[in-house]
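Colleague: Sequence and predicted structure are below.
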Amino acid sequence: MTGVTRDELRRRAFGVFAGIRGRVLEVGAGEGENLGAFAGEVSWTGIEPDDRSRRELEVAARGRAFVDAVLDARCEALPFSDASFDAVIATLVFCSVTDVDASFAEVFRVLKPGGTLACVEHVRAAEGSARLLVQNLATPLAARWDGNCHWNRDPVSAARAAGFHDVRLESFELDTGVPFLPAPCVVYVGVKPRF
């Protein structure tokens, strides 16, 4: 079994993010890979804690009229007031945050009521599966050598626990380059309730 390529993953993310309007926060914005999904109807702010990636992000963001700011910040402690954004987006971020529950709580806090969380993430494999066993064995190494990446996290449950209501949940497999071991992934869109 093979999964989708990273290029296809990016197309899926663009497909989700392209419809977003208003004030947008991208957490873990990396080197700006998602900037191409946006046009004039957003005011985009990106946070990126990694110095090298943030420098690349600043270069990628230059000259784009919709970019409001690029900041050195972590998802676990967002430097914004409550209800500041219409949408928060992320691509392969919640696997790497230090505290996944605090991160989703912060995202929930900075979203306006009715605001949207849209993310593309790899997720924990099914309980009892051989793939979960591999994820559990690989996570300590990946966390140490791959930017704190935890292969075995369940970001959808964490988003729901933070208070998000599901709007869209689409599962797919990402080609990892390891034969017969694609990574389970999701497109997740959740909304912060209005009340």
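Modeller: Yep, it's here. Numbering: from 1, shown residues only.
Colleague: contacts and neighbour counts: CA atoms only from here.
Modeller: OK.
Colleague: Tally up the residues packed near residue 117, please.
Modeller: Residues lying near residue 117 (other Cα atoms under 10 Å) number 27.
Colleague: what's near enough to touch it?
Modeller: 87-89, 107, 188-192 (Cα atoms under 8 Å, 6 or more residues apart in numbering).
Colleague: and which of these is nearest residue 131?
Modeller: Ranked by distance to residue 131 (Cα to Cα), the contacts of residue 117 are led by residue 188 at 21.1 Å.
Colleague: element containing residue 140?
Modeller: Using DSSP states H and E, residue 140 sits in helix 130-145.
Colleague: What's the mean pLDDT across that helix?
Modeller: For helix 130-145, the mean per-residue pLDDT is 83.
Colleague: List the buried residues of it.
Modeller: 131-132, 135-136, 139, 142 (16 or more other Cα atoms under 10 Å).
Colleague: In strands, which of the contacts of residue 117 fall?
Modeller: 87-89, 188-191 (DSSP state E).
Colleague: Identify, from those, the entry nearest to residue 126.
Modeller: Using Cα to Cα, the ones in strands among the contacts of residue 117 come closest to residue 126 at residue 188, 17.1 Å.
Colleague: Run the chain-centre distance for the helix holding residue 140.
Modeller: Averaging C-alpha positions (Cα atoms, centre = their mean, to the nearest Å) puts helix 130-145 20 Å from its chain's average.
Colleague: which residues sit against that helix?
Modeller: Against helix 130-145 from outside (Cα under 8 Å, 6+ apart): 96, 124-126, 148-152, 181.
Colleague: who's in contact with residue 109?
Modeller: 82-83.
Colleague: Kindly report the same for residue 184.
Modeller: Residues in contact with residue 184 (Cα under 8 Å, 6+ apart) are 122-125, 171-174.
Colleague: picking that back up, pick out the lowest-pLDDT one from the contacts of helix 130-145.
Modeller: For those, the pLDDT minimum is residue 181, 68.
Colleague: on that earlier part again, could you identify the pair within the ones in strands among the contacts of residue 117 that is furthest apart?
Modeller: Maximum distance among these (Cα to Cα): 12.9 Å, for 87 and 188.
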